[in-house]
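Asks: Below: sequence and its predicted model.
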Amino acid sequence: MRVVVLADTHAPRRWKSCPASVAAQLRSADQILHAGDVCIASVLDELAQYAPVHAVVGNNDGADVAAWGALPTLETDLDGLRVAMIHDSGAAAGRLRRMRAAFPRADLVVFGHSHIPLDLTDGGLRIFNPGSPTDRRSQPHGTFGVLQIDAGELAHVQLVTVD
């Protein structure tokens, strides 16, 4: 299973339309995860034209994003991999411990909010922040993630730079 992971797209201020490098990856996606701060639900509709979308509500998301179906937190099974998602995972200090406590059954926790890409594993839990494809802030490039899941295993994780 091929999963494209996005966060912090901040439409319409930052996401005017889907960046070409994101669209290229979306065309072969089996699932899409959006870790919040979509800002307007029409982005989720746009993404759903490529593949099924799972989304959580971010601190900048309005009622229309929640009405679309985005939840405060999400736990789902993707090809046998137990995935949890939340927008804001809190401060960097203690993050793995907090995510393990919040999602004790998860193999992978996806989050956003900071716009800082992160891929960290400890004690059987992997946490992943794809960064932002459209609002890089202090990062050198916009980024998003691509996960390859094979029979319950995270076979490959790629952080993709947006040109």
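Replies: Nice, I can see it.

Asks: Buried ones in stretch 89-107, by neighbour count?
Replies: 89, 95-96, 98-100, 103, 106-107 (16 or more other C-beta atoms under 10 Å). Using the backbone N, CA and C atoms, a C-beta is placed for each residue, glycine as well.

Asks: got it, and stretch 143-153?
Replies: So, applying 16+ other C-beta under 10 Å, buried residues of stretch 143-153: 143-147, 149.

Asks: doesn't residue 90 fall inside a helix?
Replies: No - Residue 90: not assigned to a helix; according to DSSP: H, G, I helix; E, B strand; the rest coil it is coil.

Asks: Contact partners for it?
Replies: residue 98 (C-beta atoms under 8 Å, 6 or more residues apart in numbering).

Asks: How many residues are close by the residue lying closest to residue 67 once chain neighbours are set aside?
Replies: Excluding its sequence neighbours, the residue lying closest to residue 67 (C-beta to C-beta, 6 or more residues apart in numbering) is residue 41, at 7.0 Å. Counted with other C-beta atoms under 10 Å, the neighbours of residue 41 add up to 20.

Asks: What's opposite the nearest residue to residue 99 once chain neighbours are set aside in the beta bridge?
Replies: In this structure, residue 99 finds its nearest non-sequential neighbour in residue 109, 4.5 Å apart by C-beta to C-beta, 6+ apart. Beta-bridge pairing for residue 109 (DSSP bridges): residue 84, residue 127.

Asks: Tell me if I'm right that residue 109 and residue 85 touch.
Replies: Yes - assessed by C-beta atoms under 8 Å, residue 109 is found in contact with residue 85 at 7.1 Å.

Asks: Need the overlap of contacts for the two.
Replies: Counting by C-beta under 8 Å, 6+ apart, nothing touches both residue 109 and residue 85.

Asks: Next, find the distance separating the residue of the chain most remote from its centre from residue 97.
Replies: Within the chain, the residue lying farthest from the chain centre (C-alpha atoms, centre = their mean) is residue 123, at 21.5 Å. With distances taken as C-beta to C-beta, to the nearest Å, residue 123 is found 10 Å from residue 97.
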